[in-house]
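Sequence first, predicted model second:
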Amino acid sequence: MLALCACVLVAQAMVAAVNLLIPQLAASALHPTPGQLLWAVDAYVIVFAALLIPAGALGDRYGRKGALLAGLGLFAAGGAVSALAQAPAVLIAGRGLCGAGAALIMPATMSVLVHLSPPERRGQVLATWTLSAGLGGLAGNVGGGLAGEYLTWRALFWAVVPLGVLLALAVSRTVPRTPARSDASVDPLGAMLLAGALLSVVYGIIEGPAYGWTSAAVLTAFGAGGVLLAAFTGHALRAARPLLDPRIFTSRKLRAGALGIGAGFFGLFSLFFVNAQYLQYAKGFSPARTGLAIIPLTVGMALVPKLGARLAERTGPRLPVGAGLGLIGAGLLLVATVDAGTPYALYACYLLVLSVGTGLCAPSLTLTVVAELPAHQAGLGSGLNTAAREIGAALGVAVVGTVLASRFHGDPRDPAQVGAFTDAMGVALATVAAVLLLVAVAVVAGYRTGGGARRAGRRDAASGAGGAC
């Protein structure tokens, strides 16, 4: 279990670490535009999210250990490409390659852990997996901060190479192979349609401020996303063995779980994007101090998931899910009020509110998605769960970055413009919080008892009989 959790930690750390390097990248010889900076952050999570479901299916079909080792290889290769980049496009490509590796890593780790655990320990095992992801956020922030202050952004990406090699050696020696299923569907056409739909929509969100929301380029991107998503749905309904059968979303609980996971990470990663900029530009923190200053955001993720899992066992998932998402929204609204004069101790308390909310709801949401699919689709369920996280994260970065860019056109490094920057940041975070709280109402409603719950009970029983998932 230790090697698997270490893989989760490293893959999640690289999502967060680059946020600490945004000021250094902006001032680097690459001379990236604001849009290219957004893509440098989002390329990882977009590719990650787009490939998670097909990557989970690949693990089901050809073996999860093999998928994990292949992912670690791609992860290390992407780090090397990023470190060698001499232009923003190469950096973005390297980040995307890392994201492809992470897409193989994350569902493989979760499905192996679930496969090796008895049904009665499933909730606690997923809480441990969630804890590893939370600690990855801490490691990424601290590592990114230290690299930003004492080394360079290239050093951070070079560090990925030996980490990937060491983890691959640990996995090859300690992780057992799980059964492969020759009947598991990979569906290349479905994978391309789904990835294209996501890429088109996020492209439209990121480029909206630059081109204009009613420009041909942005409207074409949104239109292409809608057409590709419709094409994916039509293909999946007709295909004998689709990548993802849309009919699984007839389960109200699965819809609620996936939407809740996406909403939580939508809020969390919107904060990650602006946190480092606020602390460095408005508070004057060094990169290393900024990395350490994020620790309160990870405290709840580290300590609360097991409490959330136990609460769900006693009361059902509706209470921890509703309370957790509500706290994330409340934390964002609190952070939206800060300015250069806000004491760090108060800011840290706001981060704790967000952190506790994330730790409270994450285990119940994760278990909902995994448990709503049968045992032989453990990789697909893991991919769907993590895809919801990363789609939410990508959209969170895109939306908060877009609102910030549309309201602030100056240089936040100029002390005279810090007030305008924090005002724009507040509007951006309040926008994200409002969307999140509206979605939270729909998620809680999806956990009503009824037919969906009875179907889940039957699936859980079947999973227990099968001894996996």
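Arrived safely, thanks for sending. Numbers count the residues shown, from 1 in each chain.

For this protein, which residue occupies the most central location?
residue 390 (3.2 Å; Cα atoms, centre = their mean).

now the helix or strand hosting that one, how far from the centre of its chain.
Secondary structure assignment for residue 390, by DSSP states H and E: helix 378-407. Averaged C-alpha coordinates place helix 378-407 at 6 Å from its chain's average position (Cα atoms, centre = their mean, to the nearest Å).

From the contact counts, what lies against that helix?
Under the contact criterion of 3 or more Cβ pairs under 8 Å, 6 or more residues apart in numbering; DSSP states H and E, the helices and strands touching helix 378-407 comprise helix 34-62, helix 88-116, helix 188-211, helix 252-277, helix 344-371, helix 418-446. For glycine as for every other residue, the C-beta is placed from the backbone atoms N, C-alpha and C.

Can you redo those helices as JSON lines, where the extra columns are mean pLDDT?
Putting those into JSON lines (pLDDT from 0 to 100) gives the following:
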{"stretch": "helix 34-62", "mean pLDDT": "76"}
{"stretch": "helix 88-116", "mean pLDDT": "84"}
{"stretch": "helix 188-211", "mean pLDDT": "77"}
{"stretch": "helix 252-277", "mean pLDDT": "86"}
{"stretch": "helix 344-371", "mean pLDDT": "86"}
{"stretch": "helix 418-446", "mean pLDDT": "91"}
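
sorry, back to before: excluding its backbone neighbours, what's nearest the residue nearest to the centre of the chain?
Taking Cβ to Cβ, 6 or more residues apart in numbering as the measure, residue 390 lies nearest to residue 49, with 3.5 Å between them; neighbours along the chain are not counted.

measure that neighbour to residue 255 for me?
18 Å (Cβ to Cβ, to the nearest Å).

Between the two, which is the more surrounded one?
With other Cβ atoms under 10 Å as the criterion, residue 49 and residue 255 differ in neighbour count, and residue 49 comes out ahead with 31 against 19.

so how far is residue 213 from residue 258?
As for residue 258, its distance to residue 213 is 27 Å (criterion: Cβ to Cβ).

neighbour-wise, which of these two wins?
Counted by other Cβ under 10 Å, residue 258 and residue 213 do not tie: residue 258 has more neighbours, with 26 against 14.

quick one, phi psi at the spatially closest residue to residue 90 that is not a sequence neighbour?
Spatially, and ignoring its direct neighbours in sequence, residue 90 is nearest to residue 81 (6.7 Å; Cβ to Cβ, 6+ apart). Torsion angles at residue 81 (phi, psi; degrees, to the nearest 10) stand at phi -60, psi -40.

what residues are up against residue 81?
Applying Cβ atoms under 8 Å, 6 or more residues apart in numbering, one finds that residue 81 lies in contact with 90, 93, 94, 97.

Neighbour count for the residues you listed - can I get that in a markdown table?
Output for the contacts of residue 81, formatted as a markdown table (neighbours: other Cβ atoms under 10 Å):
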| residue | neighbour count |
| --- | --- |
| 90 | 14 |
| 93 | 17 |
| 94 | 24 |
| 97 | 22 |
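
Looking at the residues you listed, which is nearest residue 17?
Of all those, residue 94 has the smallest distance to residue 17: 13.6 Å, by Cβ to Cβ.

Now do the same contact list for the closest one.
For residue 94, the set of contacting residues under the criterion of Cβ under 8 Å, 6+ apart consists of 78, 79, 80, 81, 82, 83, 84, 85, 157.

Pull up the gap between it and residue 102, please.
Residue 94 is 13 Å from residue 102, where distance means Cβ to Cβ.

Also residue 390?
The gap separating residue 390 from residue 102 is 8 Å, by Cβ to Cβ.

Identify the contacts common to those two.
Taking Cβ under 8 Å, 6+ apart as the contact definition, residue 390 and residue 102 share the neighbouring residues residue 48.

related to what we said a few turns ago, output the helices and strands packed on helix 378-407 as JSON lines; include the columns distance to residue 129.
Supplementary listing: the helices and strands packed on helix 378-407 in JSON lines, determined by distance: least, Cβ to Cβ, whole Å:
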{"stretch": "helix 34-62", "distance to residue 129": "14"}
{"stretch": "helix 88-116", "distance to residue 129": "6"}
{"stretch": "helix 188-211", "distance to residue 129": "24"}
{"stretch": "helix 252-277", "distance to residue 129": "13"}
{"stretch": "helix 344-371", "distance to residue 129": "8"}
{"stretch": "helix 418-446", "distance to residue 129": "21"}
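
among the ones you listed, which is nearest residue 230?
Proximity to residue 230 (Cβ to Cβ) singles out helix 188-211 among the helices and strands packed on helix 378-407, at 8.7 Å.
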